[in-house]
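K.L.:
Whatever this is, show me its structure:
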Amino acid sequence: MNGNGRDSSTATASIAVVGVGPVGSILAAWLAKAGHYVGVVDIDEPHIAAIRKDGIQVEGFREAHARPAEAVHRCVELSRRCWDFVAISTKAPVLHTVMPDAALLAGQDGYVISVQNGLDTEGEIVDVVGKDRTLRMIVNYAGAKVGDGRVRMTFFNGKNAIGMRSPAGEAAARRFAALLDAAGLESEFADNVRKFEWEKTILNAAMSPLCALTNLTMRECFENPAMNALIRALLVEAIAVAKADGYEWDPGFVDRCLTYLSKAGHHRASMWVDVANRRPTEIRFLNGRIADVADQRGVPAPLHRMVAALVEGLEQSWTSPHR
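P.N.:
Residues are numbered from 1 along each chain as shown. From the prediction side, this is the model:
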């Protein structure tokens, strides 16, 4: 409690959201709707123009409409203020390009949060601002952009998890989790957020790259017998790597993962969208990172290494001078 008797964990905060695709837009909308001072940054000029004019409209599974206080194209265009939190929700491959400016927004006292898919994405934040001011959010909702300033939330499966990279960041992680939860975007503090990080990475790495490589929707991929067998094998292999890394689940975890993935509809995985648009994918932070950890721990992960190599080869083909 502060001197006025107000719970400081949910007191009004200033939050910059860098990257307002579906995940960032939903995050920004709920925080702005709750009365926090929100600034959003994205290189998509028509999207930002629409947000500046009419705010962010979220429809679908849940609905919200709110106008952030600031909407700009570059971090340096945000007002010179002390931002309590800087949430990075760009795709993981471009994290290193936005971190220098994001660090300036956080100043000396603010915290930078990785709001991204993949394993150890927050490591690139640590390299710039240090462990004590680095947080991690594991997002359990998803959406799709349906127009400039408009996003459809497609699902919300359980609470988001927020944790930190060092004990010094615990109070900030607890505060961010509390203010998100109070805003209606159910979230909780996780003292071992890396296990949540592993769990989501295992799920994403099992099917998203297969959709990108085969041009199948998520439902089509899951219901294809050959793909389904490969999904199961990727799950089993990744779970073994996680165990070697110190994280373990009960014997029913594989079946729970399959049940979760079976609920996917006839929509495109985000990696498929990246491939279709010839953009760098998150493969290095998903299957590639699982394979790297496997090498470090001395356990095999040939399937994840193979899938990572296939997607990376596809990316290379886009810039090949021989095509």
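K.L.:
and stretch 179-187, what's its mean pLDDT?
P.N.:
For stretch 179-187, mean pLDDT rounds to 96.
K.L.:
If you could redo that for stretch 254-271, that was the one I meant.
P.N.:
On average, stretch 254-271 scores 88.
K.L.:
What are the phi and psi values at Gly246?
P.N.:
Dihedral pair for Gly246: phi 100, psi 10, per degrees, to the nearest 10.
K.L.:
what sits against Glu186?
P.N.:
Contact partners of Glu186, counting by C-beta atoms under 8 Å, 6 or more residues apart in numbering, are 156, 158-160, 180. Heads up, the C-betas are built off the backbone N, CA and C, glycines and all.
K.L.:
again, 7 Å this time
P.N.:
The contact partners of Glu186, taken as C-beta atoms under 7 Å, 6 or more residues apart in numbering, are 159-160.
K.L.:
Tell me how far it lies from Ala238.
P.N.:
For Glu186, the distance to Ala238 (C-beta to C-beta, to the nearest Å) stands at 26 Å.
K.L.:
cool, Gly35 as well?
P.N.:
40 Å.
K.L.:
who has more neighbours, those two?
P.N.:
Taking neighbours as other C-beta atoms under 10 Å, Gly35 and Ala238 compare with Ala238 leading, 29 against 11.
K.L.:
Apart from its chain neighbours, what residue comes closest to that one?
P.N.:
Distance criterion C-beta to C-beta, 6 or more residues apart in numbering; nearest residue to Ala238, sequence neighbours excluded, is Ile202 at 4.5 Å.
K.L.:
ok, that neighbour touching Leu235?
P.N.:
Yes: between Ile202 and Leu235 there is a contact at 6.3 Å, judged by C-beta atoms under 7 Å.
K.L.:
if you average pLDDT over stretch 149-160, what comes out?
P.N.:
Mean predicted lDDT for stretch 149-160 stands at 90.
K.L.:
List the buried residues for it?
P.N.:
149-153, 156, 159-160 (16 or more other C-beta atoms under 10 Å).
K.L.:
Stretch 41-48 now?
P.N.:
41-42, 47-48.
K.L.:
coming back round to it: please enumerate the shared neighbours of Ile202 and Leu235.
P.N.:
With C-beta under 7 Å, 6+ apart, Ile202 and Leu235 have common neighbours Cys257.
K.L.:
Which of those two has more residues huddled nearby?
P.N.:
Neighbours around Ile202 and Leu235, counted as other C-beta under 10 Å, are more numerous at Ile202. The numbers are 25 against 21.
K.L.:
who's in contact with that one?
P.N.:
Ile202 sits next to 235, 238-239, 242, 257 when contact means C-beta under 7 Å, 6+ apart.
K.L.:
Report pLDDT for it.
P.N.:
Per-residue confidence for Ile202 comes out at a pLDDT of 97.
K.L.:
Number of residues surrounding Cys88?
P.N.:
You called it Cys, but residue 88 is Ile. Residues near Ile88, counting by other C-beta under 10 Å: 26.
K.L.:
ditto for Gly143
P.N.:
Residue neighbour count, defined by other C-beta under 10 Å, stands at 22 for Gly143.
K.L.:
before we move on, back to that, any idea which of the buried residues of stretch 41-48 is closest to Ala69?
P.N.:
Val41 (12.5 Å; C-beta to C-beta).
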